[in-house]
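Q: when you get a sec, could you give me coordinates for this:
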Amino acid sequence: MIFFLLLILLVLAILAYGPLSTIIIRVFSLGIYKRGLRDKGICLTFDDGPHPVYTPQLLDLLKKYDIKAVFFVVGELAKRYPALVRRMRDEGHEIGIHHYRHVSSWMLLPHQLKKEIQECSKIIEIITNKEPVYYRPPWGHFNLFTLLLSRRYKKILWSSISGDWKIQHENDLMKRIIGSASDGTIILLHDNGDTKGADPEAPAVMLKALNHSIPLLKQQGFRFLPMNSLINGNKGTAGIKNEH
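A: Reported below is the predicted structural model:
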């Protein structure tokens, strides 16, 4: 009887530490941004990169349409492909933290979460000479200590998610991207399909769908804004704390 009681308490503690904390934070938007303030303004955000094949193609696409996006990079990949991170910076994109490894906050003790955030931030700053201000945990998972340990960063989630990490028909993905756009929408997409649960070639479909979606969204009057401008409701530039 005592064993089962302890087991139940352990399960409840685990649920409270990760999934329940995530639900509460996301439902009540505690300390996070899920949508911006600008009428007809939207922001593209990309998780899980950089990827040696898809990220350069994505950067070419964004340059073609003169769009500034936010890349939430995985620290160990940024360290492996620093030239891609520098190109993001040089072309005016914002670079945010997505942990040093692509690991859920539910699986991390407080000191481990702190290390994931700090190490990713450190890599970004070393490569770009700029300290990031944005943070998005992998899968949007928070734990009981996330808000405290990431308090110096702006936590950015999303208001549009299209399932682009799985291979789907290009037209279906395009319809999801366009159909989800509204005032202040933060769109979540992925430029790396090598993470757990994703399809390795899914970014190729995303790139094709995005290439068709951007002109249509512009025709509808939407403006692609940098995150700082979208969430602050002004014409601010890229979100950067310090530049050395």
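
Q: going forward, measure contacts between C-alpha atoms and count neighbours the same way
A: Fine.

Q: number of residues surrounding the closest residue in space to P52 that isn't next to it in sequence?
A: Closest residue to P52 apart from its sequence neighbours, by Cα to Cα, 6 or more residues apart in numbering: Y81 at 7.2 Å. By the criterion of other Cα atoms under 10 Å, Y81 has 16 neighbours.

Q: poorly predicted segments of this protein, please.
A: 233-244 (pLDDT under 70).

Q: okay, helices next: where are they in it?
A: 2-15, 21-27, 54-64, 75-80, 82-90, 110-128, 146-149, 170-179, 202-219, 227-232 (DSSP state H).

Q: so what's the gap between the fourth one and the chain middle?
A: This points to helix 75-80. Per Cα atoms, centre = their mean, to the nearest Å, the displacement of helix 75-80 from the mean C-alpha position of its chain is 16 Å.

Q: name the residues of it that are buried.
A: 75-79 (16 or more other Cα atoms under 10 Å).

Q: show me what that helix is packed against.
A: With contacts taken as 3 or more Cα pairs under 8 Å, 6 or more residues apart in numbering; DSSP states H and E, helix 75-80 sits against helix 110-128.

Q: list of residues touching the helix it packs on?
A: 74-76, 78-79, 82, 85-86, 89, 95-101, 105, 130-132, 145-146, 149-150 (Cα atoms under 8 Å, 6 or more residues apart in numbering).

Q: from those, list just the buried residues.
A: 74-76, 78-79, 82, 85-86, 89, 95-101, 105, 130-132, 145-146, 149-150.

Q: burial count for K196?
A: 10.

Q: also the one 10 residues further on?
A: Counted with other Cα under 10 Å, the burial measure for M206 works out to 27 neighbours.

Q: and what of K166?
A: The burial count for K166: 18, using other Cα under 10 Å.

Q: how about the contacts made by it?
A: 198-199, 202.

Q: just put the buried residues of helix 75-80 in CSV and tack on distance to G49.
A: CSV is the format used below for the buried residues of helix 75-80 (distance: Cα to Cα, whole Å):
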residue, distance to G49
G75, 9
E76, 10
L77, 7
A78, 7
K79, 11
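
Q: and which of the residues you listed is nearest to D164?
A: L77 (20.0 Å; Cα to Cα).

Q: re the thing from before, deepest-packed of the helices of the chain, please.
A: helix 227-232 (a mean of 22; mean count of other Cα atoms under 10 Å).

Q: which strands and helices sit next to that one?
A: strand 41-47.

Q: and the angle for the strand it packs on with helix 202-219?
A: Here strand 41-47 runs at an angle of 170 degrees relative to helix 202-219 (axes from the mean of the first three to the mean of the last three Cα atoms, to 10 degrees).

Q: please work out which residues outside strand 41-47 touch it.
A: With Cα under 8 Å, 6+ apart as the criterion, strand 41-47 contacts 36, 68-73, 98, 181-192, 222-227, 230.

Q: what lines up beside it in the sheet?
A: Paired neighbours of strand 41-47 in the sheet (DSSP bridges): strand 70-73 (parallel), strand 185-190 (parallel), strand 223-224 (parallel).
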